[in-house]
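> following is a predicted model, sequence given first.
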Amino acid sequence: MGVAAEEGAAATEMNETTIAPTRRPNHSALVEMALTLDGGEILSVGQLGSSFVILDSLANLPPCEGEITLSVDGRERRWRVALPDGASEAVARTPITAL
């Protein structure tokens, strides 16, 4: 085998190794989050922590209670929370406590 043929064979082997399909499919979870206030208003949640929410659209709210809905790939979980300080358009992070 000549040098060019060897280089071609090496390149082919490298490409076959590089483009070989992976055995684990890529997956991005579909995540949806919302805060439903006791009055029925539904607010979209952009970020959720154990003690805070960041609403997609900031709002001024008095102290109140509601329900967090977290859906991951169609599996839904709900739990009651209180917003002890309410929410303010001036502050992105809104404290919550589990009820």
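Perfect, I can see it now. Numbering: from 1, shown residues only.
> residue 50 and residue 77: what is the separation?
14 Å (C-beta to C-beta, to the nearest Å). Just so you know, the C-beta spots here come from the backbone N, C-alpha and C atoms, and that holds for glycine as well.
> which neighbours do the two share?
Here residue 50 and residue 77 share no contacting residue, scored by C-beta atoms under 8 Å, 6 or more residues apart in numbering.
> grab the nearest non-local neighbour of the most centrally placed residue in the chain.
Using C-alpha atoms, centre = their mean, the residue of the chain that lies closest to the mean C-alpha position is residue 31, 5.1 Å off. Excluding its sequence neighbours, the residue lying closest to residue 31 (C-beta to C-beta, 6 or more residues apart in numbering) is residue 72, at 5.4 Å.
> can you check residue 55 too?
residue 43 (5.3 Å).
> how close does that neighbour sit to residue 27?
For residue 43, the distance to residue 27 - C-beta to C-beta - is 28 Å.
> since that was my last question, I'll sign off now.
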